[in-house]
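J.: got a sequence here, can you build the structure:
(one chain, ligands or ions: 2)
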Amino acid sequence: MNAPRSFTPKTFRPEDDGPDRPARGLDEEALRQQSTIYREGMLDGKTLLVSGAGSGMGKAAALLAARLGANVAICGRDPDKLQSTVDLVRDEVGTDVLAVPTNIRDPEAIETLIGTVHDHFGGLDTLVNNAGGQFPQDAIDFSRKGWLAVIDTNLNGTWWMMQEAAKRWRADGKPGNIVNIVANVERGMPQAAHTCAARAGVIYLSKTLATEWAQWNIRVNCIGPGVIETEGFRMYPEEALARFHKANPMKMRGNAWDVAEAIAYLASPAARFINGDLIIMDGGQAQWGVIWPAGIPDYFREDGAA
Ligand SMILES: CCCCC/C=C/C(=O)SCCNC(=O)CCNC(=O)[C@H](O)C(C)(C)COP(=O)(O)OP(=O)(O)OC[C@H]1O[C@@H](n2cnc3c(N)ncnc32)[C@H](O)[C@@H]1OP(=O)(O)O
Ligand SMILES: NC(=O)C1=CN([C@@H]2O[C@H](COP(=O)(O)OP(=O)(O)OC[C@H]3O[C@@H](n4cnc5c(N)ncnc54)[C@H](OP(=O)(O)O)[C@@H]3O)[C@@H](O)[C@H]2O)C=CC1
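T.: Ligands and ions are numbered 1, 2, ... in the order given. Have a look, this model is predicted:
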């Protein structure tokens, strides 16, 4: 079953949310309300670069890092989305975020991005590769262009970012830290095989680099979110959205702040001995349910799938 291409994005309002209703995640007002367990100043003097930070998890991660004292640089394709994060941080924290519109599929643009961050802040401590996405569709129906778009963004784009950051760290003799946002691919991901392939690639790339790059004091870890309600949910039909949270035993959706706090942890000194690992944040979905992002196929519906 193909996802409708004409699916119309809706604006999320917190009052629309509820256990059985689709939602679009924490809006700016809700982000401002989030509290954190971390101490003030935890990331003082650290510089983070967060990709895909004009929305969703990236925006939350940028805000939390800035609140904790970090210098924050962000990238994404849409300058207006990036500006919304710059404005939010300035208003909420009082600091300036460096926004560099960049398509992570373009390795030359990434070279410029990494250079700009170093020039502006005098270095980079943690690279957060969060930019990415996919569309829900049965694999057999993928167009060549669609397959390539998802692989190029999620696998190649993430790799260009990692390589460019690491080259600079090696050249400068500085330690480095990479956090890659992937997905929960342990049991595969029906109707998202392209992203499953790309994310599995990133996970095993990261495990490999964790060894290769340890000699330069560069750590590489991944976070695998399950169902996290964000603006990204616009990609999915209502039928799938209404069931997403039923695929984990906690029967809930995570939010962007959950992931932002995991990113902050990996960016902090508390994580200095964590390397080559994958933190799954999915309420137990890996052990239990299936999300069917394009809707349940009839073959499985008869079996009473979640
Ligand atoms: C997987 C389930 C997990 C459930 C929980 C996870 C949720 C999330 O991950 S939420 C975050 C999601 N956010 C996004 O996915 C947003 C970013 N996504 C995208 O920008 C696109 O999906 C992209 C990755 C394909 C971006 O590529 P881009 O080149 O910008 O995209 P185009 O729109 O130009 O499309 C290229 C090509 O891809 C095919 N295609 C795109 N959308 C669909 C679709 N809905 N159905 C079928 N095919 C699609 C298509 O071949 C496109 O080419 P054209 O036909 O020439 O447009
Ligand atoms: N929400 C969820 O349940 C899950 C999400 N994920 C992944 O987590 C990450 C964050 O997702 P989420 O916050 O939910 O979704 P969003 O769609 O809100 O965020 C994705 C961000 O990636 C950016 N992006 C996409 N393609 C590119 C590109 N080629 N170059 C630069 N930036 C790009 C987008 O910005 P712009 O359009 O401006 O380029 C956007 O801000 C994504 O990789 C997503 O696939 C994984 C598992 C579950």
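
J.: how many neighbouring residues does the closest residue to ligand 2 within the stretch 1-150 of the chain have?
T.: At 2.0 Å from ligand 2, residue 56 is the closest residue in the stretch 1-150 of the chain, using CB to the nearest ligand atom. Bear in mind the C-beta positions are built from the backbone N, C-alpha and C, glycine included. Applying other CB atoms under 10 Å, we find 26 residues neighbouring residue 56.

J.: my read is that it contacts residue 231, right?
T.: Yes: using CB atoms under 8 Å, residue 56 is in contact with residue 231, at 5.4 Å.

J.: common neighbours of these two, please.
T.: residue 25 (CB atoms under 8 Å, 6 or more residues apart in numbering).

J.: enumerate every residue touching the closest residue to residue 78 other than its chain neighbours.
T.: Leaving aside its sequence neighbours, residue 78 sits nearest to residue 54 (CB to CB, 6 or more residues apart in numbering; 5.7 Å). Contacts for residue 54 (CB under 8 Å, 6+ apart) come out as 74, 76, 78, 80-85.

J.: get me the contact residues on the stretch 1-150 of the chain for ligand 2.
T.: Listed as neighbours of ligand 2 in the stretch 1-150 of the chain under the rule CB under 6 Å from any ligand atom: 51-52, 54-58, 76-78, 81, 103-105, 130-133.

J.: quick one: the helices in the stretch 201-306 of the chain?
T.: Counting by DSSP state H, counting those that start in this stretch, the stretch 201-306 of the chain has helices at residues 238-244, 256-267, 298-301.

J.: now the ones you listed in a markdown table, with mean pLDDT, mean neighbour count and distance to residue 206?
T.: Output for the helices of the stretch 201-306 of the chain, formatted as a markdown table (pLDDT from 0 to 100; neighbours: other CB atoms under 10 Å; distance: least, CB to CB, whole Å):
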| stretch | mean pLDDT | mean neighbour count | distance to residue 206 |
| --- | --- | --- | --- |
| helix 238-244 | 88 | 18 | 26 |
| helix 256-267 | 98 | 23 | 12 |
| helix 298-301 | 86 | 10 | 32 |
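
J.: for residue 29, find the nearest of these.
T.: Ranking the helices of the stretch 201-306 of the chain by proximity to residue 29 (CB to CB) places helix 256-267 first, at 13.1 Å.

J.: take that closest one, keep the C-alpha atoms, and write them as PDB.
T.: In PDB, the C-alpha atoms belonging to helix 256-267 read as follows (Å, rounded to 0.1, in the frame of the first residue of the first chain):
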ATOM      1  CA  ALA A 256      11.900  15.300  21.300                       C
ATOM      2  CA  TRP A 257      13.000  16.200  24.900                       C
ATOM      3  CA  ASP A 258      13.600  12.600  25.800                       C
ATOM      4  CA  VAL A 259      16.100  12.300  22.900                       C
ATOM      5  CA  ALA A 260      17.600  15.800  23.600                       C
ATOM      6  CA  GLU A 261      18.400  14.600  27.100                       C
ATOM      7  CA  ALA A 262      20.100  11.500  25.800                       C
ATOM      8  CA  ILE A 263      22.100  13.600  23.400                       C
ATOM      9  CA  ALA A 264      23.200  15.900  26.300                       C
ATOM     10  CA  TYR A 265      24.300  12.900  28.300                       C
ATOM     11  CA  LEU A 266      26.500  11.600  25.500                       C
ATOM     12  CA  ALA A 267      27.900  15.100  25.000                       C
END
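
J.: residues in contact with that helix?
T.: For helix 256-267, the surrounding residues in contact (CB under 8 Å, 6+ apart) are 25-26, 31, 34, 36-38, 42-43, 46, 48, 50, 56-57, 59-61, 63-65, 68, 70, 125-126, 128, 130, 177, 179, 181, 221, 223, 225, 228-230, 271, 274, 279, 281.

J.: drop anything exposed from the residues you listed.
T.: Burial by neighbour count, 16 or more other CB atoms under 10 Å: within the contacts of helix 256-267 this picks out 25-26, 31, 34, 38, 42-43, 46, 48, 50, 56-57, 59-61, 63-65, 68, 70, 125-126, 128, 130, 177, 179, 181, 221, 223, 225, 228-230, 271, 279, 281.

J.: out of these, which are inside strands?
T.: The strands, defined by DSSP state E, take in 48, 50, 126, 128, 177, 179, 181, 221, 223, 225, 228-229, 279, 281 from these.

J.: and the residues you listed, which two are furthest apart?
T.: Top of the distance list for those (CB to CB): 177 and 229, 27.3 Å.

J.: residue contacts, residue 120?
T.: Residue 120 is in contact with 73, 98, counting by CB under 8 Å, 6+ apart.

J.: one more: residue 187?
T.: Contact partners of residue 187, counting by CB under 8 Å, 6+ apart, are 286, 290.

J.: which residues of the stretch 51-200 of the chain fall in strands?
T.: 71-75, 98-99, 126-129, 176-181 (DSSP state E, counting those that start in this stretch).
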